[in-house]
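Chemist: Based on what follows, work out the 3D shape:
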Amino acid sequence: MKFLVVGAGAVGGYFGARLAEKGEDVTFLVRKNREDQLRARGLVVHSTHGDVILQPKTIRSGQTGAFDVILIGTKAYHLEQVIEDIRPFVHKDTVLISMLNGIEQITKLRQAFSDHSVIGGVCFIEATLSETGDIIQRGASHRFIFGEWNGEKTERILAIEQAFANTKAQVSAVCNILQEMWHKYLFITTVSGVTTLFQQPIGPIREVPMGTELLQNLLAEIAQIMRAAQATIAEDIEQIQFTRICEMNYDMKSSMLRDMEKGLPVEGDHLQGYLLQLAHEHGLQAPTLQSIYVNLKLYEKRFHSKNSIVSATRV
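Modeler: Below you'll find the predicted structure:
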């Protein structure tokens with residue numbers, strides 16, 4: 001199978017590297033700056049599960065080619081451009097798998113291509129890019145799951161699963177991918193929300209009694225919104241996710257907080273913002289989630305203001 005990984009960042013770059021490391025046919029769709037970086041240094045992964053350095057195949061927007069599977073590993077705020085960039089690479093049997101957190105991207109991909117082309121996917125990994133573009137993967141989890149919406153183990157699912165077999169990553173097909181995506185959405189929106197709100201790792205937030213209470217309130221708010229939207233989530237998912245959060249490493253920072261610390265854009269509209277839209281549609285109040293979203297919008301305002309000043313200075 002021919003794989004196209006859109007983006008060679010922390011998530012797409014990691015799982016794409018593991019696939020290429022095994023010897024599968026993998027190409028990365030990247031921008032010029034990233035392509036130059038990869039040609040100079042290679043695709044470098046530093047991981048608790050083993051380091052790897054390889055010289056990846058790359059392609060840029062505007063070039064041609066056909067791929068069997070396209071893994072979308074970019075940030076959500078790049079999705080509209082990604083859709084246009086991958087159009088030339090999609091044929092009638094191409095499988096599109098989003099590695100983004102959230103749910104909204106599935107609707108956008110289906111509208112742009114077809115219901116048949118798009119299947120579900122979700123990642124569980126703590127990874128980031130270093131200043132030199134190396135992928136730094138921390139922690140035990142480096143899991144990527146995918147599947148058909150109806151749970152069937154179709155020929156294409158089995159073929160993708162076989163391609164990932166024996167890679168140095170935990171990759172498998174599941175029969176309940178939509179529920180897994182909603183569960184991850186609840187988890188990541190909560191963790192990214194509180195860590196960015198307080199600009200702290202999860203540990204110090206848990207230590208404060210009211211911090212623990214806030215975590216529980218936020219989980220309850222989001223779960224209520226998801227149930228109103230008829231999401232397929234477990235009955236006790238709030239407690240399950242709270243227990244998981246309590247078991248996380250003390251110094252764990254969400255990728256959104258790391259992006260903030262680097263002065264990069266964040267996915268507030270895609271994650272927290274989309275949930276607030278659902279809350280409004282169903283007449284629900286979500287004061288904790290709303291406070292988190294306001295904090296993210298204030299950060300975005302500072303981000304855009306700073307970049308406008310930098311652009312004006314360069315001119």
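Chemist: Tally up the residues packed near Ile233, please.
Modeler: Under the neighbour criterion other CB atoms under 10 Å, Ile233 is assigned a count of 21. C-beta coordinates here come from the backbone N, C-alpha and C atoms, glycine included.
Chemist: Confirm that it sits in a strand.
Modeler: No: counting by DSSP: H, G, I helix; E, B strand; the rest coil, one finds Ile233 to be coil, located in no strand.
Chemist: Wait, it touches Met226, no?
Modeler: Yes: taking CB atoms under 8 Å as the definition, Ile233 is a contact partner of Met226 at 5.4 Å.
Chemist: overlap in contacts of the two?
Modeler: Here Ile233 and Met226 have Trp182, Leu186 as joint contacts, going by CB atoms under 8 Å, 6 or more residues apart in numbering.
Chemist: which residues sit in contact with the closest residue in space to His49 that isn't next to it in sequence?
Modeler: Among residues not flanking His49 along the chain, Lys168 sits closest, at 5.5 Å (CB to CB, 6 or more residues apart in numbering). Shown in contact with Lys168 (CB under 8 Å, 6+ apart): Arg18, Glu21, Lys22, Ser47, His49, Gly50, Val52.
Chemist: Counting neighbours, which of those residues comes out on top?
Modeler: Arg18 (25 neighbours).
Chemist: Could you pull out the buried residues of the regular element (helix or strand) spanning it?
Modeler: Using DSSP states H and E, Arg18 falls within helix 10-22. For helix 10-22, burial by neighbour count (16 or more other CB atoms under 10 Å) applies to Ala10, Val11, Gly12, Gly13, Tyr14, Phe15, Gly16, Ala17, Arg18, Leu19, Ala20, Glu21.
Chemist: follow-up on the earlier one: what is the nearest of the contacts of Lys168 to Ala127?
Modeler: Closest to Ala127 out of the contacts of Lys168 is Ser47 (8.2 Å), distances taken as CB to CB.
Chemist: Can you name the residues bridging to the closest residue to the closest one other than its chain neighbours?
Modeler: Once flanking residues are discounted, Ser47 sits nearest to Gln137: 4.0 Å by CB to CB, 6+ apart. Applying DSSP bridges to Gln137 yields these beta-bridge partners: Ser47, Ala127.
Chemist: Contact partners for Val171?
Modeler: By CB under 8 Å, 6+ apart, Val171 lies in contact with Phe15, Arg18, Arg143, Phe144, Ile145, Glu161, Phe164.
Chemist: now do Leu219
Modeler: Leu186, Thr190, Glu238, Gln241, Phe242.
Chemist: Go again with 10 Å.
Modeler: Counting by CB atoms under 10 Å, 6 or more residues apart in numbering, Leu219 makes contact with Leu186, Phe187, Thr189, Thr190, Ile237, Glu238, Gln239, Ile240, Gln241, Phe242, Ile245, Thr288.
Chemist: on that earlier part again, closest to Leu264 among the buried residues of helix 10-22?
Modeler: Distance to Leu264 across those (CB to CB) is lowest for Ala10, with 11.7 Å.
Chemist: thought that closest one was touching His46?
Modeler: No: Ala10 lies out of contact with His46 (CB atoms under 10 Å); the separation is 11.3 Å.
Chemist: joint contacts of these two?
Modeler: Both Ala10 and His46 are in contact with Ala127, Ser130, Asp134, Ile135, Ile136, Gln137, where contact means CB under 10 Å, 6+ apart.
Chemist: Which neighbouring residues are in contact with the residue positioned nearest the centre of the chain, exactly?
Modeler: Most central in the chain under CA atoms, centre = their mean is Leu100, positioned 3.2 Å from the mean C-alpha point. For Leu100, the contact set (CB under 10 Å, 6+ apart) comprises 11-12, 72-76, 78-79, 82, 106, 109, 121-123, 181, 267, 270-271.
Chemist: and if we set it to 8 Å?
Modeler: Shown in contact with Leu100 (CB under 8 Å, 6+ apart): Ile72, Thr74, Lys75, Ala76, Leu79, His270.
Chemist: ok, and the most crowded of the residues you listed?
Modeler: Counting neighbours by other CB under 10 Å, Ile72 comes out on top of the contacts of Leu100 with 26 neighbours.
Chemist: Run a quick check on it versus Val82, I expect a contact.
Modeler: Yes: taking contacts as CB under 8 Å, Ile72 lies within contact range of Val82: 6.1 Å.
Chemist: for this protein, what's the longest helix?
Modeler: For the chain, the helix with the greatest residue count under DSSP state H is helix 287-314.
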